[in-house]
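A.B. asks: below are the sequence and a predicted model; questions follow.
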Amino acid sequence: MVGLYWEEWEIGAEFITAGRTVTEADIVHFAGISGDYNPLHINDEHCKKTQFGERIAHGPLVYSIATGQVFQLHLYDDTLIAFLGFDSLKFTKPVLIGDTIHARLTVLETRETSKPDRGIMKRKFEVLNQHGDVVQDGVQVFMLKKKPEAA
């Protein structure tokens, strides 16, 4: 399967992933992998005294899960050259154990590069919970292959 070439990313196009529930195991494993043992993520008793009232998922964990959801859409198979970074990324609401999240992508801009075989695509990246609340919001920039010229 081949993903979308640069020319196929239309400004305003929207893509939505399937949902996935964030579990306690996700949070525990991410803390172990990342070394981020902040009490907001791993200490029930501490969290009962916070504005959240319970443990919350790490922001980078939520982003990682959403990135995996996007990957499953196969939009970049054999067409992605590089993820160039973020223009912005905000964590706007907490994600709790048991929340179900999905990602929504909206193409904002495409532009040529100095090389004829590639282009740049900028997109809005949002993660939403089961209530439709945006919990993460950002703008990402990618370098993509252009369609190969016919031989």
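C.D. replies: Nice, I can see it. Numbering: from 1, shown residues only.
A.B. asks: which SS class is residue 67?
C.D. replies: Assigned with DSSP: H, G, I helix; E, B strand; the rest coil, residue 67 falls in the helix class.
A.B. asks: kindly report the same for residue 29.
C.D. replies: helix.
A.B. asks: in this structure, where is pLDDT below threshold?
C.D. replies: Scanning the chain for pLDDT under 70 picks out 1, 150-151.
A.B. asks: what about the strands in it?
C.D. replies: With DSSP state E as the criterion, the chain has strands at 14-16, 20-21, 80-91, 100-112, 118-128, 134-145.
A.B. asks: export those strands to TSV and tack on distance to residue 49 and mean neighbour count?
C.D. replies: Where C-beta positions appear, they are placed from N, C-alpha and C, glycine not excepted. Shown next, in TSV, are the strands of the chain (distance: least, Cβ to Cβ, whole Å; neighbours: other Cβ atoms under 10 Å):
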stretch	distance to residue 49	mean neighbour count
strand 14-16	37	14
strand 20-21	26	14
strand 80-91	21	13
strand 100-112	26	17
strand 118-128	27	20
strand 134-145	22	19
